[in-house]
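K.L.:
sequence first, then the predicted structure, then my questions.
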Amino acid sequence: MYHDFNYEATLASSLRAQWQLDDVLRPDEDLDFSRHFMPESLARTAALDSLNPFEQRILNQISAHQYLSIFGIVEEFILPFLMDHARDDLRDDDWRVRALLNFASEEAKHIHLFKRFHQAFVRGFPVECQVIGPSEDIGAEVLRHDPLAVGLVILMIEWMTQAHYLGTIRDDGDLDPLFKSLMRHHWMEEAQHAKLDTLIVEALAEGRTEPQIDRAIDEFFEIGAFLDEGLQMQAGFNLAALEKAIGREVDEKDSILAQQHQAARWTYLGSGMVHERFKATLSLLSPRAAERVAEAAPMFA
Ligand SMILES: [Fe+2]
Ligand SMILES: [Fe+2]
């Protein structure tokens, strides 16, 4: 069977898995800056030979700052998307309304949690790290697209968080336990979001012809290219923060930039594009849609 997701069961699992902000990070809690924050499978800093281990760790932490910032940005456009989608039908299916509003409320909590981690990061890190934005503009650009294309981007994001957590378990390096806990708690709730988003995408695709689906996939790629541009710019900001933090200009700047941009492509785009569940939803929409995404995926590996 393709899936057995439904609103009632997903709401029940969501309510069982729910946690509070303080379960993950109290407002006064500090991150351990003597450790790595991101799993190597995402940060890819150990491969950078021109940096010494200390500098690699600083860049790993900057990559974690990027994680907090990028997820803050994407969850800020997921929230209005969900509100709009839920609003279309608030009467007929009580499980649907409750499941979607709970989903929205959890994303609002995640935004709050990422901000709290960001504050802890800023307290402990020696220099300021610049971030792309403003997030309102990024969100507006994404949300001006066909809701089906936006829904697919969000579905890709929900599934990728599952792969990210598995990366932290596989990582045998000494990750900061609080960051590991952030990934785990996010994974717990996102697992339900991915199911609900599958239902949302199916609802948005209903009754569409093959050319209409194809057009939505064009827009999916437009959003992907827009986000990818942001990731490239962010890689530049990250390198500037690294140089400020270590007090020297790095050698082989261009190759570090390209390598770190590629790491971000995998983290925020590729790891979702190749997720089996995401591919299954695409195949159901249209085999051609699945093919087009599969063809593009190696660029984001
Ligand atoms: Fe989230
Ligand atoms: Fe989510």
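P.N.:
Here it is on my side, so go on. Numbers count the residues shown, from 1 in each chain. Ligands and ions are numbered 1, 2, ... in the order given.
K.L.:
to what extent is the closest residue to ligand 2 within the stretch 51-200 of the chain buried, counted in neighbours?
P.N.:
The nearest approach of the stretch 51-200 of the chain to ligand 2 comes at His193, 3.5 Å away (C-beta to the ion). To be clear about C-beta, it is placed using only N, CA and C from the backbone, and glycine gets the same treatment. A count of neighbours around His193, defined by other C-beta atoms under 10 Å, yields 27.
K.L.:
dump the residue contacts of whichever residue of the stretch 201-301 of the chain sits closest to ligand 2.
P.N.:
Of all residues in the stretch 201-301 of the chain, the one sitting closest to ligand 2 is Gly272 (11.7 Å; C-beta to the ion). Going by C-beta atoms under 8 Å, 6 or more residues apart in numbering, Gly272 touches 155-160, 163, 278.
K.L.:
alongside ligand 2, which residues does the stretch 101-250 of the chain contribute?
P.N.:
158, 190, 193 (C-beta under 5 Å from the ion).
K.L.:
which residue ranges of this structure form strands?
P.N.:
With DSSP state E, there are no strands along the chain.
K.L.:
all helices for it, in order.
P.N.:
7-17, 21-24, 40-43, 53-87, 94-124, 135-143, 147-170, 177-205, 210-246, 253-265, 271-273, 276-285, 287-296 (DSSP state H).
K.L.:
and for Gly224, the neighbour number?
P.N.:
With other C-beta under 10 Å as criterion, Gly224 counts 22.
K.L.:
OK, contacts around the residue nearest to it when sequence neighbours are not counted?
P.N.:
Spatially, and ignoring its direct neighbours in sequence, Gly224 is nearest to Leu269 (6.0 Å; C-beta to C-beta, 6 or more residues apart in numbering). For Leu269, the contact set (C-beta under 8 Å, 6+ apart) comprises 156, 224, 227-228, 231, 300.
K.L.:
which of these has the largest number of neighbours?
P.N.:
Counting by other C-beta under 10 Å, top hit in the contacts of Leu269: Met156 with 26 neighbours.
K.L.:
wouldn't that residue be in contact with Met273 here?
P.N.:
Yes: the pair Met156 / Met273 is scored as a contact, 6.2 Å apart, by C-beta atoms under 8 Å.
K.L.:
what is the burial count for Asp146?
P.N.:
19.
K.L.:
got any ranges where the stretch 101-250 of the chain has weak pLDDT?
P.N.:
172 (pLDDT under 70).
K.L.:
Phe37 and Phe117, how far apart?
P.N.:
Using C-beta to C-beta, to the nearest Å, Phe37 is found at 9 Å from Phe117.
K.L.:
so for those two, which sits in the more crowded spot?
P.N.:
Phe37 (27 against 23).
K.L.:
now that one: closest residue in space that isn't a chain neighbour?
P.N.:
That would be Ala64: by C-beta to C-beta, 6+ apart, it lies 3.4 Å from Phe37.
K.L.:
so the one you found makes contact with Met38?
P.N.:
Yes: counting by C-beta under 8 Å, Met38 is a contact partner of Ala64 at 4.7 Å.
K.L.:
shared neighbours of those two, which are they?
P.N.:
With C-beta under 8 Å, 6+ apart as the test, Ala64 and Met38 both reach Phe179.
K.L.:
more neighbours: the two, which one.
P.N.:
Met38 (29 against 25).
K.L.:
if I look at that one, how far off is Lys180?
P.N.:
10 Å.
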